[in-house]
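Asker: task: produce atomic coordinates for the following.
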Amino acid sequence: MRKPRVGRVVLATCVGSFFLLIFYFQSNLKPAADQDGREGRRPGRSPLQALYDSDQLELSPVHVLHQRRRELLEEECHAHTRKRRVLIPEDLKHLIVDDQHRLLYCYVPKVACTNWKRVLMVLTGGGRYGDPLQIPAHEAHVPGRLRSLSEYSTAEINRRLRTYLKFVFVREPLERLVSAYRNKFTRSYNTAFHKRYGTKIVRRHRPDPRPEALDRGDDVSFREFVYYLVDPRTQREEPFNEHWERVHALCHPCLIHYDLVGKYETLEQDSSYVLRLAGAEPEVRFPASGKSARTTGDMAAKFFDDISPFYQRKLYNLYRMDFLLFNYSVPAYLRIR
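Answerer: Sure thing, here's the model as predicted:
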C-alpha cells in the first residue's frame, strides 16, 4: 500500500523541478546577483549587474538601444505567443556557457557565430588562445570545445539563467537565408550538405534531373532551395537544419529572457558592448568584419529576382515570426503586397 504514495512523491518532485525550470524561463524580472560564491565569481560587478546599473549606463546611447530592443521583443512575444511550454534539454543546446565571465550566448548560424565561438574559446580557454582569428574556423565548431547549457542539471541551469548575462545575435531573416544557401550549396567543399540535402532537393523539385545531379546534389538552385523550404513535407519529416532554422526555434526568445539582442547590422558595436560588460575588453576584441549590411542586402535582392511572388510570400510567412520578434521590415525587393 505504500508504493503508490512513494510514486506520488517522486512524481510531485519531478513535476516541481520542471516548474522550477520554467519559472525562470518565463520571468521578465531583472535577474538577481549571484550570492553563492561558486565557480565563475569575478571581482566587482557581474555583466548582468553592469547592464542593469542605470546609474552608470542610463545616458549611454547603446544602453538605450538595447533596452528598446528588449522591450520590442517582449511586446511581440506577448502579441504573438499564446501558449507557454516547458523547455527540454534539447531546446538549450544552442546556449553556450562561459562560467568565468557569467555569459550565456545563443549561437545562430550565419550570424557571426564562428567568430563568437572563437571569442568564447579565448574567454574560457585559460590563456590557451590569443587572437580569436588564430583559431581555425573548423575548430570553433568541434563538439566539446565549449559547454552547452543543456549539459547542466536543472538547478545549475536555473542558477545560470538567473545570474548570467544572456545574449543572442540575429540578422535580417532572408539575408541570413541567402547566406546559408551560398555557403552550403554553392561551395564545392560542402559535399556533406550536397549529399544530405542537395540530392533530396533535386529529386523532389527538379523535373527530369540528370543521374549525376541525383547522385551528387551539388548544383541546387536557390529557387529549388526555396521550393524545398516551403514544401509541407520538409518539416513533417524532420526539423530544419540549424543553418536555415528560424531564430525563434533555435533560441526560444519568448521563453528565455535575453538581456541583449545583438544584430548583424550593428555587429561590431554590439559585440564590443557585450565584451565591455563582461570586463573582457580591451584584452579580447571581437574580430572586425569586412562585410556591410548594405552589401549583403543588395546580394539577397538579386537572389529573389527569379522567385515568383507566390513563393516569395510563402517564404516570408515561414520566417515571419523572426521578422516580427526582432523588428525587421519586409524587404523592399519582395513582391508580396
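Asker: quick one, strands of this structure?
Answerer: When secondary structure is read from DSSP state E, the chain shows strands at 95-98, 103-106, 147-148, 165-170, 260-263.
Asker: let's have the ones you listed in TSV, adding mean neighbour count, distance to A301 and mean pLDDT.
Answerer: Yep, even glycine has a C-beta here, placed from its N, CA and C like the rest. Shown next, in TSV, are the strands of the chain (neighbours: other CB atoms under 10 Å; distance: least, CB to CB, whole Å; pLDDT from 0 to 100):
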stretch	mean neighbour count	distance to A301	mean pLDDT
strand 95-98	23	33	98
strand 103-106	26	28	98
strand 147-148	16	36	97
strand 165-170	25	20	98
strand 260-263	23	19	98
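Asker: out of those strands, flag the one nearest H252.
Answerer: strand 103-106 (8.3 Å; CB to CB).
Asker: picking up where we left off before, so which of the strands of the chain comes closest to H66?
Answerer: strand 260-263 (5.4 Å).
Asker: neighbouring strands - and their directions - for that closest one?
Answerer: strand 165-170 (parallel) (DSSP bridges).
Asker: just checking, P309 touches R335?
Answerer: Yes: between P309 and R335 a contact is recorded at 4.2 Å, counting by CB atoms under 8 Å.
Asker: nearest residue to S221 in space, please, no chain neighbours.
Answerer: D306 (8.0 Å; CB to CB, 6 or more residues apart in numbering).
Asker: that neighbour contacts F222, correct?
Answerer: Yes: counting by CB under 8 Å, D306 touches F222, with 7.1 Å between them.
Asker: pick out whichever of the two has more residues nearby.
Answerer: For D306 versus F222, neighbours defined as other CB atoms under 10 Å are more numerous around F222 (19 against 11).
Asker: quick check, pLDDT for the residue nearest to S221.
Answerer: If you check D306, the pLDDT there is 92.
Asker: before we move on, what about G125?
Answerer: pLDDT at G125 comes out at 89.
Asker: and if you look at P132?
Answerer: On the pLDDT scale, P132 gets 95.
Asker: from here on, call the first residue 2.
Answerer: Sure, I'll start numbering at 2, so the last one becomes P133.
Asker: touching, it and V123? I think so.
Answerer: Yes: if you go by CB under 8 Å, P133 and V123 touch, sitting 5.3 Å apart.
Asker: give me the common contacts of the two.
Answerer: Common contacts of P133 and V123 (CB atoms under 8 Å, 6 or more residues apart in numbering): V285.
Asker: nearest residue to the residue most central in space within the chain in space, please, no chain neighbours.
Answerer: Closest to where the C-alpha atoms of the chain average out (CA atoms, centre = their mean) is V109, at 3.2 Å. In space, and not counting its chain neighbours, V109 is closest to V248: 5.4 Å by CB to CB, 6+ apart.
Asker: got the contact list for F241?
Answerer: Taking CB under 8 Å, 6+ apart, one finds L230, T235, R247, A250 in contact with F241.
Asker: buried subset of those residues?
Answerer: Neighbour counting over the contacts of F241 (16 or more other CB atoms under 10 Å) leaves L230, T235, R247 as the buried ones.
Asker: surely the second one touches Y228?
Answerer: No: here T235 lies out of contact with Y228, judged by CB under 8 Å, at a distance of 9.4 Å.
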